[in-house]
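Enquirer: Dropping a prediction and its sequence here:
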Amino acid sequence: MAGNAFIEGATAIVKGMSLTFATMFKKKTTVQWPEEREGVKPRYRGRHVLERYDNGLEKCIGCELCAGACPADCILVEAAENTDTNRVSPGERYAKRYEINMSRCIFCGLCEEACPTGAIVLKHDYELADYDIPHMIYTKEMMLVPDPHVVKEKLAAMERQAGSVR
Ligand code: SF4
Ligand code: SF4
C-alpha cells in the first residue's frame, strides 16, 4: 500500500519536473512592453474611432442603431439636423453628441456591426487603461478621425514655414 503511494508520488514529481524542464528551454514569449510591442490579430477589437468620408464629411448620421445594439448600454448619441450652412454628414442628421463609456464596454463589436454607414469602427489600440472613470468616457471629439482637408492644410502650412526658414 505504502509502496504504491510512493510510486504514484514519485511519478507525479517526475511528470511535473519534466514539464518544468521542457518549459525552461522553450522560446520566451515575454514582451518587454512598452519598449516592445507586438501586433494584434487582424480581427482584434480595440479602441473605437468615428470615421469620415474622403471629402471630410462625417460618416455618422446619428441614427442611434449602435446605441440600441450595445449590450452594455454604454453609447450615448444625440442627433441634430444638417443644414445648408452647417453640413456635417451626408444624411439628414449627424451626431451632435456621441459618447462611449469605455469603462463599461465589453468590446463585442455589435455597435460596429449595427452601423449602416461604417461610421463606428473598433481599431487595434489596446492601451486604454485609466485610474479615473470620467477619463474613460470617450467623446465624439476624442474618437473622430481628423478631417483630411485640415490635415492637408496643416502639412502645407508646415512646409511653407520650413521653406521660409531655409
Ligand atoms: S463594443 Fe459592444 S459593448 Fe462596446 S460600445 Fe460597442 S456594442 Fe457596446
Ligand atoms: S455610429 Fe453608426 S449606428 Fe451609431 S449613430 Fe452613427 S451612423 Fe448610427
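Expert: Nice, thanks for sending it over. Ligands and ions are numbered 1, 2, ... in the order given.
Enquirer: what about Ile7, distance to ligand 2?
Expert: Plainly put, Ile7 is 65 Å away from ligand 2 if you go by C-beta to the nearest ligand atom, to the nearest Å. All C-beta atoms are positioned from the backbone trio N, CA, C, and that covers glycine.
Enquirer: Would you mind measuring from that residue to Leu57?
Expert: 75 Å (C-beta to C-beta, to the nearest Å).
Enquirer: what about the two, which has more around it?
Expert: Under the criterion of other C-beta atoms under 10 Å, the comparison of Ile7 against Leu57 puts Leu57 first, with 16 against 10.
Enquirer: Please tell me how far the lowest-mean-pLDDT helix or strand in the chain is from the chain's geometric centre.
Expert: One helix or strand of the chain scores below all others by mean pLDDT, DSSP states H and E: helix 148-165, with a mean of 83. Centroid displacement of helix 148-165 relative to its chain, using C-alpha atoms, centre = their mean, to the nearest Å, is 29 Å.
Enquirer: Equivalent analysis for stretch 132-148, please.
Expert: Going by C-alpha atoms, centre = their mean, where stretch 132-148 is centred and where its chain is centred differ by 11 Å.
Enquirer: residue contacts, Val88?
Expert: 57-58, 82, 94 (C-beta atoms under 8 Å, 6 or more residues apart in numbering).
Enquirer: One more: Asp73?
Expert: Neighbour list for Asp73: 67, 104 [criterion: C-beta under 8 Å, 6+ apart].
Enquirer: Lys41 and Leu76, how far apart?
Expert: 30 Å.
Enquirer: Would you mind telling me which of those two has more residues around it?
Expert: Remark: of Lys41 and Leu76, Leu76 carries more neighbours, 17 against 7, as counted by other C-beta under 10 Å.
Enquirer: on contacts alone, who are the packing partners of the longest strand along the chain?
Expert: Using DSSP state E to define each element, the chain has its longest strand at strand 93-101. Counting contacts by 3 or more C-beta pairs under 8 Å, 6 or more residues apart in numbering; DSSP states H and E, strand 93-101 is packed against strand 48-50, strand 75-81, strand 137-138, helix 140-143.
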